[in-house]
Structure formats: structure tokens, C-alpha cells
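Peer 1: can't give you the sequence, but here's the structure:
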Ligand SMILES: Nc1ncnc2c1ncn2[C@@H]1O[C@H](COP(=O)(O)OP(=O)(O)OP(=O)(O)O)[C@@H](O)[C@H]1O
């Protein structure tokens, strides 16, 4: 079976450190998969490999059966890999519309030179791009801030704009890097709802890195656990939560105490 996104024995070394070590994982259409692990486990490096920001040391990554070896990083977006970043990477002086439109332009086929030579396609593409941006704005319920300068918005609103920009690339799989970090509970619940809607209504698969264990356990179909770059285990949230290797990996760290507490609360139905 061809998976939507497939990593096989993916390794990334920095000098002597295996930041990611022989990781094999996949995401199928319609799935929400989370990658968790203590600080330094290799999660961000893994995302940077999947989105073409970093080259692999060894192994392979494919999307819809197409091996990404030799594919230029900017083409990853066109092949359907979209992402958000851990630290907001928005144009703070641009409006919400401008920022989401940037995502659309990453996806568009027309280059600047082509745009200078032909008129028909670029113009049609531009009209279609603006229409798509408006659909995304409506989907994310941010009509009321569409013309606001991004730098003036709250952190939660900015995160939503970043989500919008990633959606504007029309991804087949969307990588969300700690999308709810720094958000309050209400904002987190809003994002959880949007993630589920993105899957249900837009048919986009999701791969997320997350420290918020409530979110992970609530919305993931499968959870992949890393520690020191290697996979500890992979499975349904309930299986992963009680895995001895996972508990051990988290024990003693701050994230672990939060995670352990969250896991227990979830198990105990305290939410
Ligand atoms: N550019 C780099 N050069 C050298 N080492 C790196 C580089 N990037 C990451 N590392 C190392 O690789 C390991 C994995 O780091 P990574 O940032 O991927 O972990 P993480 O799971 O995302 O951590 P966090 O939860 O804190 O964001 C760490 O030991 C880190 O120091």
C-alpha cells in the first residue's frame, strides 16, 4: 500500500549526533498523527527533513509514492507538504490577507518571469488565489481581522493566520509544529476544533509535533514517540500512554510531569 507520506529509516546527523535516527513512520489520507518526545528528541529536525528545510543523511521520504530525493525544497510545497513553524514566521507589517496570500503564491505555478511574459494565466491565477484566501479566512473565522496588520494581533490570532497561510498552499499533508504552544485553553480548544475540521472538511491529513498531551491524546489517530532521535513506540493514544518506555522517557522532565499529569487526567476522564 502506498502511504500519503512515508519515511523510511530516516536519519539526520549533525557531526556525531544522530538528531533523527532510523525513523520509519507514515501518514495516510484522513489521519491525524502526532510526534511527541522530550526536549531534544528530534521532533523539529524531523519536520525540517519532511519539509525540505534540511537534507537527509540517509533513508527516504516519499509523498504519494514519489521519492523526494533530488526534489528542490521549494517544490515540496507544490507536491502537497504544508507546514507551520514553531516560532511564528509571519510578515508582521502585512495584513492578514497579505500573509495568507503569500502561502498561495508559494503554491502557484507561475514564476515572476512567466508573469512578465504572459497575462492570461497569471491574472486568472491571481483571481483564483484571492478567492481561495477568502475561503480560508471564512473557514478559520477571521473575517473580522482580515485587514488588520498582523503585528497588532494577539498571539492566538497570529497562530490562526499562520495556519491560514499553510492551508493556502493546498497541502495534502499539513505539518503543525507546536501550534498551541503559548495559547490559553480557549484558544487551544479552538485550534483543536479547526484541526479536526481541516481533516473532515478539507480532507487534509495532519502530522503534528505537540507538547500539549491533552490535545495529542484527544485528536490523534496514532502517536509516534521519539527519544534521542529514535522511535520508542508508535500506536493509538491509549497504547502509547501506558507504554513503559514512554513513561520512562518523560519521567523527571518538566514536560514529563505535565504530560504524565495530563495522561492521568485523560485516563481518569477528568477532562
Ligand atoms: N543545526 C543543528 N546542529 C547541531 N545539532 C542540532 C542542530 N539542530 C538540532 N540539533 C540537535 O539535534 C537534537 C534534536 O533537536 P530537535 O530540535 O530536533 O529536538 P526537538 O525534539 O524538536 O526538541 P524541542 O522539543 O526542545 O523543540 C538535539 O540534540 C539538538 O541539539
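Peer 2: Great, that's in hand. All values reported here derive from a predicted model rather than from experimental measurement.
Peer 1: Alongside the ligand, which residues does this protein contribute?
Peer 2: Contact residues, the chain versus the ligand (CB under 6 Å from any ligand atom): 14, 17, 19, 37, 39-45. For the C-beta atoms, the positions are set from N, CA and C on the backbone; glycine is no exception.
Peer 1: 8 Å instead?
Peer 2: Neighbours of the ligand within the chain, by CB under 8 Å from any ligand atom: 12, 14-15, 17, 19-20, 37-48, 54, 86, 178, 209, 211, 226, 228-229, 255.
Peer 1: What's the ChimeraX line that selects buried ones from these?
Peer 2: Buried subset of the residues of the chain next to the ligand, written as a ChimeraX selection, criterion 16 or more other CB atoms under 10 Å:
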select :12,19,20,37,38,41,42,43,44,45,46,47,48,54,178,209,211,226,228,229
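Peer 1: Looking at the residues of the chain next to the ligand, which are in strands?
Peer 2: Mapping these onto strands (DSSP state E) picks out 12, 14, 17, 19-20, 209, 226.
Peer 1: can I get these in CSV with distance to residue 65 and pLDDT?
Peer 2: Output for these, formatted as CSV (distance: CB to CB, whole Å; pLDDT from 0 to 100):
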residue, distance to residue 65, pLDDT
12, 22, 98
14, 30, 95
17, 31, 92
19, 26, 97
20, 22, 98
209, 24, 94
226, 25, 95
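Peer 1: Could you list which of the residues of the chain next to the ligand belong to helices?
Peer 2: Counted as lying in helices by DSSP state H, out of the residues of the chain next to the ligand, are 43-48, 255.
Peer 1: Which pair of the residues you listed spans the longest distance?
Peer 2: By the measure CB to CB, 48 and 255 form the most distant pair in those, at 20.3 Å.
Peer 1: will you turn the ones in strands among the residues of the chain next to the ligand into a markdown table that also has distance to residue 150?
Peer 2: Shown next, in a markdown table, are those (distance: CB to CB, whole Å):
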| residue | distance to residue 150 |
| --- | --- |
| 12 | 32 |
| 14 | 33 |
| 17 | 36 |
| 19 | 31 |
| 20 | 32 |
| 209 | 23 |
| 226 | 32 |
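Peer 1: Check those residues against residue 102 and report the nearest one.
Peer 2: For those, the residue nearest residue 102 by CB to CB is residue 209; the value is 22.5 Å.
Peer 1: right, and the closest one touches residue 50 too?
Peer 2: No: between residue 209 and residue 50 there is no contact under CB atoms under 8 Å: 10.6 Å.
Peer 1: which residues are common contacts for these two?
Peer 2: residue 175 (CB atoms under 8 Å, 6 or more residues apart in numbering).
Peer 1: can you pull out the helices in the stretch 101-250 of the chain?
Peer 2: Using DSSP state H, counting those that start in this stretch, the helices assigned to the stretch 101-250 of the chain run over residues 112-117, 120-139, 155-167, 185-202, 213-219, 237-241, 244-250.
Peer 1: packing partners for the shortest one?
Peer 2: Okay, so that is helix 237-241. Packing contacts for helix 237-241, counted by 3 or more CB pairs under 8 Å, 6 or more residues apart in numbering; DSSP states H and E, involve helix 213-219, strand 222-227, strand 230-235, helix 254-267.
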